[in-house]
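[1] how would this look folded up:
(2 chains)
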Amino acid sequence: MTRKQRRLILIGGSLGVLAIAAVLVLSALSDSIVFFNSPTDIVQKQLKPGTRVRVGGLVKPGSLERGEKLNVRFAVTDGNHDIAVRYQGIVPDLFREGQGVVTEGKIEADGSFVADSVLAKHDENYMPREVVDALKQSGRWQEGEMKTDAHVVSKPQ
Amino acid sequence: MMPELGHYALVLALALGIVQAVAPLLGALQRDTALMRLGTSTAVMQFVFVGASFAALTVCYVTSDFSVVNVFENSHSAMPLIYKFTSVWGNHEGSMLLWVLILAMFGASVAAFGGNLPATLKANVLAVQSWIACTFYLFILLTSNPFLRVAQPPFEGRDLNPILQDIGLAVHPPLLYLGYVGFSISFSFAIAALIEGRIDAAWARWVRPWTLAAWMFLTVGIAMGSYWAYYELGWGGYWFWDPVENASLMPWIAGTALLHSAVVMEKRNALKIWTVLLAILAFSLSLIGTFLVRSGVLTSVHTFASDPSRGVFILMILIFFIGGGLALFAWRAPLLKQGGLFSPVSREGALVFNNLFLTTACLTVFVGTLYPLALEAVTGEKISVGAPFFNLTFGPLFIPLLLAMPFGPLLAWKRGDILGVAQRLMAAFAIGLVAIAVSFALMGVSSVLAPFGIGLAFYVMAGSLVDLVERSGLFRMPFATVRARTAGLPRSVWGTAVAHFGMAVTLLGIVCATTWGEERIVALKQGQSVSLSGYELSFDGMTQRTGPNFRELAAKFTARSGGVAIGVMEPSKRSFSARNSSTSEAALLTRGFSQLYLSLGDVNEDGSVAVRLYHKPLVLLIWLGSLVMALGGALSLSDRRLRVGAPKPAKKSVSKPSTLQPAE
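    Residues are numbered from 1 along each chain as shown, chains lettered A, B, ... in the order given. I've put the predicted structure just below:
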């Protein structure tokens, strides 16, 4: 085997692996990414039922209801629109009314939202960045109200 | 007084750093020995001054000096002493100070232990190291000064974020930084080689121990971080593909690739350009990791606070070092002569295979981590790329790598015999197949993929040991001979086998814990019980307790297996008044390598309490495997070969280890 042939094998092999990786990445990207939306986005975009999305905003004060079997209902608001959310499970330590929250799940046919994970922030000073942006968009954000950025506690799938 | 001293020491370190960034470079250019030697003493003094600066901040924390803003924001006088120490790096400013402390430590170790390096190479390495150090000193002094004071000192601090008040945090960041920053040495060596335009097998031998040490620390650091997230965050998960976790995984993968390609370079004088490129990339990924974590572009527990000026500053550092490093590479790399021909089927070929798959896997993680940022910057759409993406891309790329893993060390250099190796691996194949059959028989067809995962793990475990078994003559020779031969094997052979074995152990843990782990979320009243995976837990009652800086509500559960009590589990919820914040403390009950995991949710109005119970079979193997991998690294590091050519007073002429025969 000449040096040239060896080099061709090496380059061909590398390109092959890269091509496989590119196919994997592209197919995974089309299947497994989740878009973030504010309640206003959800109302305006008219998303199809069954779409997986993340919704973020504040837990609307007075909306939190705890039912049997760890069922939780609450509304997420960005000040302009509210989205009703249903969830079954344990909510994070810092999940409270009036606080920032990000939920991930599916939109039902009746327009309500069934979450399979609820993410709250990790620190009372901070707010998930997505929530801050959503509130800024809706004009409900007051500068200096809270520092941005902290951990979004996510519950894995 | 203390904070001013610390601040002053850091400024002095910067001044020394500037001298060290210039003088040795000039010295190497003009062959001026005095100038070149200057780097050695400045590197040690830099370490002393940064150490003094770090010590000063530590004193401020231990004495709870709340006139220092940083201490006020992240400490509390009632906090246990250990957390006063760890909160030094539990915040942005302090963790950057730890970063430069470790950087200075590595620089000083090259200065102290690099006596056998050629003078010009050593001078250039120390100069490049100092360039990195200076930019980070400037970063701290200009944007993240931990020594700032307030005019009116408050009486009490605002406490450390409660989830960081944990022993896991005490060890995770220093270990991780030892790994991240350790790659700076490989980077400096690569840049120095490019400046000199000359590189040989000896270069690889000098770089390897540093890379190996950094890789070991990073391995243990990542494992510790993963275990911390597992027990502290309360969802029983050990890896979330969170961007910050990825930021530490990418340098690890690149570092692993670098370790393997450096072997080829050292033994066969081939893959030079590629190895230099990997050395640059491994540290670049560490810098990108630092940028992602510190700039606030990501939301994470590691992002203590965001300040745009910091992000821009780190981005400039990033552009300077990565851009500069790659530009220098493009300019000078063609000067490096290629050597060492090999056939595609050979040890070299196997190591190239390893590098190809590792770098591609690293690339997919890179894409998954940065794509959301790029998309948001371009279109404004916010997306999250989660575990499914990485499972679909990273997973498939690791399977061929694991399949090929036992082949590598068995193939001969230059030209290997793949069929011969396959024959020698027959026993390993058989063990893998038996493992698949046994898993199907025991667990049924509930999951089709998992038994294959287990088979793969057992095949790799057995395959890693084949080389050791053959070389030691086990099963073929009398015991005394085997013992003598075992003792005589080079440590690097042990290192390879142990590290590969550890990888398989981790794989086994991941497959079992993910596939057969069970979870139950229930609300329980006192006296009720819940059962899961053959264990029964009865809820005995709640108690209130008071800790040093928190109040705690603990629930007591008795765990039974087959009616026999096997232990008491006390998960709790802690509330920290200083931050009006709370954490859940999970209770763990270890059974062999498996664990029962119990964490508390809310207490309902009717007196019942929500609990989350997991059974995680063989979960401890995930972290034990990582420790075994690191142990493999340590064995390899202790190989005689890497010490050959170390400075010995008797033989001063040992300056070119390249003329020595490799020990193997």
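[2] Leaving out chain neighbours, which residue sits closest to B:S584?
    Leaving aside its chain neighbours, B:S584 sits nearest to B:G234 (4.3 Å; criterion: Cβ to Cβ, 6 or more residues apart in numbering or on different chains). The C-beta positions use only the backbone N, C-alpha and C, and glycine is treated the same way.
[3] Check B:S529 too.
    B:S538 (3.8 Å).
[4] CA-only coordinates of the helix or strand hosting that neighbour in PDB, if you can.
    Taking DSSP states H and E as the definition, B:S538 sits inside strand B:535-546. Extracted in PDB, the C-alpha atoms of strand B:535-546 (Å, rounded to 0.1, in the frame of the first residue of the first chain):
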ATOM      1  CA  TYR B 535     -38.400  -3.200  49.400                       C
ATOM      2  CA  GLU B 536     -41.000  -1.900  51.700                       C
ATOM      3  CA  LEU B 537     -40.700   1.500  53.400                       C
ATOM      4  CA  SER B 538     -43.000   2.500  56.300                       C
ATOM      5  CA  PHE B 539     -43.400   6.100  57.300                       C
ATOM      6  CA  ASP B 540     -42.800   6.400  61.000                       C
ATOM      7  CA  GLY B 541     -43.300  10.100  61.500                       C
ATOM      8  CA  MET B 542     -41.800  13.600  61.200                       C
ATOM      9  CA  THR B 543     -39.400  15.500  63.400                       C
ATOM     10  CA  GLN B 544     -38.300  19.100  63.500                       C
ATOM     11  CA  ARG B 545     -34.600  19.700  64.000                       C
ATOM     12  CA  THR B 546     -32.400  22.800  64.000                       C
END
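[5] buried residues in that strand?
    B:535-539 (16 or more other Cβ atoms under 10 Å in any protein chain shown).
[6] and what of stretch B:580-593?
    Using 16+ other Cβ under 10 Å as the test for burial, stretch B:580-593 gives B:581-589, B:593.
[7] Break chain A down into its domains, please.
    What automatic domain parsing lists as the domains of chain A is A:1-32, A:35-137.
[8] Just say which of those domains is most tucked in.
    Greatest average neighbour count among the domains of chain A goes to domain A:35-137 (a mean of 19), per mean count of other Cβ atoms under 10 Å in any protein chain shown.
[9] measure the spatially most central residue of chain B to chain A for me?
    Among the residues of chain B, B:L218 comes closest to the average C-alpha position under Cα atoms, centre = their mean, at 2.1 Å. Between B:L218 and chain A the computed distance is 22 Å (Cβ to the nearest Cβ, to the nearest Å).
[10] How about B:F458?
    Per Cβ to the nearest Cβ, B:F458 is found 26 Å from chain A.
[11] Would you list the phi and psi of that residue?
    phi -70, psi -40 (degrees, to the nearest 10).
[12] Might you report the residue contacts of it?
    B:431-432, B:434-435, B:504, B:508 (Cβ atoms under 8 Å, 6 or more residues apart in numbering or on different chains).
[13] let's go with 6 Å and repeat that
    Going by Cβ atoms under 6 Å, 6 or more residues apart in numbering or on different chains, B:F458 touches B:431-432, B:435.
[14] Chain A: strands as residue ranges?
    A:33-37, A:52-59, A:65-66, A:71-77, A:82-88, A:100-107, A:113-120 (DSSP state E).
[15] any idea which helix or strand of chain A has the worst average confidence?
    helix A:129-137 (a mean of 69; mean pLDDT, DSSP states H and E).
[16] For A:K4, give its distance to B:L341.
    For A:K4, the distance to B:L341 equals 12 Å [Cβ to Cβ, to the nearest Å].
[17] Over to B:F283?
    30 Å.
[18] and the residue nearest to B:A350 when sequence neighbours are not counted, how far is that from B:V421?
    Closest residue to B:A350 apart from its sequence neighbours, by Cβ to Cβ, 6+ apart: B:G408 at 3.9 Å. Computed with Cβ to Cβ, the distance linking B:G408 and B:V421 is 9 Å.
[19] ok, the two, which is more surrounded?
    Neighbours per residue (other Cβ atoms under 10 Å in any protein chain shown) separate B:G408 from B:V421, with B:G408 holding more: 24 against 20.
[20] Are we agreed that B:A559 is in a strand?
    Yes - counting by DSSP: H, G, I helix; E, B strand; the rest coil, B:A559 is found in a strand.
[21] mind listing what it touches?
    By Cβ under 6 Å, 6+ apart, the neighbours of B:A559 are B:535, B:537, B:566-567, B:569, B:589.
[22] how about 8 Å then?
    The neighbourhood of B:A559, defined by Cβ under 8 Å, 6+ apart, consists of B:535-537, B:565-569, B:589, B:596.
[23] State the distance from it to A:G105.
    B:A559 is 33 Å from A:G105, by Cβ to Cβ.
[24] what's the answer for B:G632, then?
    Here the criterion is Cβ to Cβ. By it, B:G632 lies 43 Å from A:G105.
[25] How about B:A282?
    Distance from B:A282 to A:G105, by Cβ to Cβ: 39 Å.
[26] so what's B:S626 closest to, chain neighbours aside?
    B:A223 (3.6 Å).
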